[in-house]
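Asks: Pasting a predicted model and its sequence here:
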Amino acid sequence: MLVRMLFKQLAPLFFWLAYRAFRSRYFNDSARIRRWAMNSFRLAADLGNRRALSVYGYLLFLRGDTEQSRIQGGIYLERAAEQGDSKAQYQMGQIHEQGFASYFRIDPGKALACYRQAAAQGHTLAINRLHDVYSHGELG
């Protein structure tokens, strides 16, 4: 219990270190650094760090090599969106609008709600998507 609390306090540090490795020029060159960074993202995300949930979910959803890993990425994005991450909210709007596998069904109502939440926080792509939705009468 005490160890979990300590790790939870260190989750932002795990995320920051992983993000630095991810943004470095060595990330694509070294399988070891890539594996370490992804494991660190997962650790921070599993500890509930909002930014880690968003980044790790995005990476899994877009770059996942299996359908199951992409679904897991969507679940991480969903958790980040619930915590108020505007990028994750926008991504969840995209996922609900287009659907994915059998896990994320097309749901225009959820898509619109996610876009609205992201737009309320100033997410530019969400604002543009809402403009298009209202201009063309899309998503019900």
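Replies: Structure's in. What do you need? Numbering: from 1, shown residues only.

Asks: all helices of this protein, in order?
Replies: Applying DSSP state H to the chain gives helices spanning 2-23, 31-46, 50-63, 67-82, 86-98, 108-120, 124-136.

Asks: counting contacts, what elements does the fourth one pack onto?
Replies: With contacts defined as 3 or more CB pairs under 8 Å, 6 or more residues apart in numbering; DSSP states H and E, the packing partners of helix 67-82 are helix 50-63, helix 86-98. C-betas here are computed from N, CA, C, even on glycine.

Asks: Repeat that for the third one.
Replies: Using 3+ CB pairs under 8 Å, 6+ apart as the contact criterion, the secondary-structure elements in contact with helix 50-63 are helix 2-23, helix 31-46, helix 67-82, helix 86-98.

Asks: between the helices and strands packed on helix 67-82, which one is nearest to Ser40?
Replies: Evaluated over the helices and strands packed on helix 67-82, closeness to Ser40 peaks at helix 50-63, with 8.4 Å, by CB to CB.

Asks: buried residues in the closest one?
Replies: Arg50, Arg51, Ala52, Leu53, Ser54, Val55, Tyr56, Gly57, Tyr58, Leu59, Leu60, Phe61 (16 or more other CB atoms under 10 Å).
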